[in-house]
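>>> the following block contains a protein sequence and its predicted model.
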Amino acid sequence: MSNRTYIATRHPVSAQHTTAPTSFLDQLIDAIDPLPDDVFAENLLHDIYAVMKGSLGPYTSLLHRKAVMCEVLRVQAAFESDWNWNEGVDINNLHSQAHVDGEETGAFQVSFDSTALGHSAMQPFVIAHQIETPQKFIPAMKNDHRLAVEYCTPLLRVNTSWCGTINDPSQVISHVRRDAVSEFQTFLHLGIGDSTTVSPGATPLGSLAGAPGAAVGPGNDGATGDKGKIPKLLEVANDPDSYRDVQRESADELLSLAEEQWPHDGCAINLSNLLQAAKIPVPNILEALKLGSHLRDHRGWQVISNGQQQPGDVGSTCGTTPNHGFDHIYLLLQRVDADEMVIADNQSSKPHTRFVSGKGKTPTRFFLRAT
């Protein structure tokens, strides 16, 4: 029987993936807690903390970052295996069934070819633990639960491309919980690993305020939800300095995630970062259609007909399938009349005019409103 009391971390992940076993949570914490602090410290890579920034950031301390890793692995294991340490190869992946290097294994469904990611960053780990071949790696990830956690944790700091459930905004990113992160923090410690080296700028800033379960996050947004954050959203978009910071960050992420030069194809990442600046927890999404679907299906935003738009609404030109070059998404700042608006998007560094009817640009199909 566990000597820990789990509440938020035992909340069902989704309708399909219900509640993590207590034994899994115990083993996860027991494996994460002794790891060196610098495993969780800031780095310059686009790692799991960058991916989860909109859902679980900003990160206020090193202990907070450590708890975020626990929550990511809790939810990832739900979508990958339903917390089954012995899960085998994905029967729907013909490539991995035919190539042992790509064979998924264990609760996190990691494969041996992940050792080549980040210029073979994980090679020293597999050599040190004598799992340097697929034949050794695959059973070890199933049978040695602590080793599986110890491998996946630094791997997520190097690269997240290997994990489809993390890269799909409708899965891990949308189901992690801030109250679970707060609860994980109560079970974790700093400075107990075999290294005390912490990257510059990663010095702990103190624990999160509030008791476990009091934090706000997806599925637990408090009384006001996203609607209560719209004034802050408009404030950020209308403030030149704040919006400049949003666009600078968006340009960096557009280059690192899509190898695109700002502002080309930057409308979705621009709006993602703008929403995040207002503490609306959306992930970094690169496609306008996917961002609109996320707001509607996962944040509960309501579809509003043209002509009924108001400041704080999000306008979309998207249909039901992607249409590159025509899809666009933006924030409405001011309504002039039923057609003319002042908006914020990637196409200008300051508010500018756009028309619902298009007038030389793609017409807006609908608006989304926080409720």
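Nice, I can see it.
>>> as PDB, could you dump the C-alpha coordinates of the least confident helix or strand in the chain by mean pLDDT?
Lowest mean confidence among the helices and strands of the chain (mean pLDDT, DSSP states H and E): helix 94-98, at a mean of 72. Coordinates of each C-alpha in helix 94-98 appear next as PDB, following Å, rounded to 0.1, in the frame of the first residue of the first chain:
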ATOM      1  CA  LEU A  94       4.200  -1.700 -39.900                       C
ATOM      2  CA  HIS A  95       7.600   0.000 -39.900                       C
ATOM      3  CA  SER A  96       8.300  -0.700 -36.200                       C
ATOM      4  CA  GLN A  97       7.100  -4.300 -36.600                       C
ATOM      5  CA  ALA A  98       9.600  -4.800 -39.400                       C
END
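>>> what's stretch 302-318 in contact with?
Residues outside stretch 302-318 that contact it (Cβ atoms under 8 Å, 6 or more residues apart in numbering) are 230-231, 233-234, 271, 288-289, 292, 295-296, 301, 326-335, 338, 341, 343, 354, 356, 362-371. Glycine gets a C-beta too; all of them are placed from N, C-alpha and C.
>>> 6 Å instead?
Residues outside stretch 302-318 that contact it (Cβ atoms under 6 Å, 6 or more residues apart in numbering): 230, 234, 288-289, 292, 327-334, 338, 356, 362, 364-369, 371.
>>> after the strand or helix carrying residue 150 comes which helix or strand?
According to DSSP states H and E, residue 150 maps onto helix 145-158. For helix 145-158, the following helix or strand on the C-terminal side (DSSP H and E) is helix 164-167.
>>> mind checking the SS state of residue 354?
strand (DSSP: H, G, I helix; E, B strand; the rest coil).
>>> tally of neighbours for it?
Counted with other Cβ atoms under 10 Å, the neighbours of residue 354 add up to 23.
>>> coming back round to it: C-alpha coordinates for the helix holding residue 150, PDB please?
The C-alpha coordinates for helix 145-158 follow below in PDB (Å, rounded to 0.1, in the frame of the first residue of the first chain):
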ATOM      1  CA  HIS A 145      10.600   0.500 -14.400                       C
ATOM      2  CA  ARG A 146      13.000   2.900 -12.800                       C
ATOM      3  CA  LEU A 147      15.400   2.600 -15.800                       C
ATOM      4  CA  ALA A 148      12.500   3.400 -18.200                       C
ATOM      5  CA  VAL A 149      11.700   6.600 -16.300                       C
ATOM      6  CA  GLU A 150      15.400   7.500 -16.100                       C
ATOM      7  CA  TYR A 151      15.800   7.100 -19.800                       C
ATOM      8  CA  CYS A 152      12.700   8.900 -21.000                       C
ATOM      9  CA  THR A 153      13.200  11.900 -18.700                       C
ATOM     10  CA  PRO A 154      16.400  13.200 -20.200                       C
ATOM     11  CA  LEU A 155      15.300  12.100 -23.700                       C
ATOM     12  CA  LEU A 156      12.300  14.500 -23.400                       C
ATOM     13  CA  ARG A 157      14.900  17.200 -22.700                       C
ATOM     14  CA  VAL A 158      16.700  16.400 -25.900                       C
END
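>>> tally of neighbours for residue 251?
Residues within reach of residue 251, counting by other Cβ under 10 Å, total 19.
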